[in-house]
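Engineer: I need the structure of the sequence given here:
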Amino acid sequence: MTDFPLTLAQYRAAYAAGSLTPVQAVREVYRRIAALDDPAVFISLRPEAEVAAEAETLPAGPLHGIPVAVKDNIDVAGLPTTCACPDYATVAREDATAVARLRQAGALVIGKTNLDQFATGLVGLRSPYGVPRNTLDPDLVPGGSSSGSGVAVAAGLVPLALGT
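Structural biologist: Modelled structure (predicted):
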């Protein structure tokens, strides 16, 4: 098995070398999410078994098997979009264009990340879902309204995340 965390290029190289499969990567991502123990990074996660099953039948493409996170003001089919406001939550019927293109390229959507409510903050501190911990220093702000996406990448949970 490959040493984690991995960059996008390292995921691709590990898949090409046969030292890692997308299903193994999914298992490791969820293990790392649990080990981080920061419930404020993700607002919602797809079930691990669902993502692992999807990993077995991915389309070929430049992002084949790459785990990604999506800021929770961008629609992912089947997951709620809250914009960090629980009363605003609606379950998306279809993927936003950016998410659909990621999936067409073979990416695996892991879940939806926290943000400053309605993406109107500056430092990632305004969410009823909590404040993601800065990976360098927990006394520092996580930064930006895309704080959950930034922390997900900085913590090595995923090599790629959408923000706005």
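Engineer: angles on the backbone of the spatially most central residue of the chain, please.
Structural biologist: Nearest to the mean C-alpha position of the chain, by C-alpha atoms, centre = their mean, lies Ala69 at 1.8 Å. When read as degrees, to the nearest 10, the backbone of Ala69 gives phi -120, psi 150.
Engineer: not counting its neighbours along the chain, what's nearest it?
Structural biologist: Ala161 (4.0 Å; C-beta to C-beta, 6 or more residues apart in numbering). C-beta coordinates here come from the backbone N, C-alpha and C atoms, glycine included.
Engineer: can you check the pLDDT for that neighbour?
Structural biologist: The score at Ala161 is 98. That number is its pLDDT.
Engineer: am I right that Asn73 is in contact with Cys85?
Structural biologist: No: contact criterion C-beta atoms under 8 Å: Asn73 and Cys85 do not qualify, at 9.8 Å.
Engineer: more crowded one of these two?
Structural biologist: Asn73 (24 against 15; other C-beta atoms under 10 Å).
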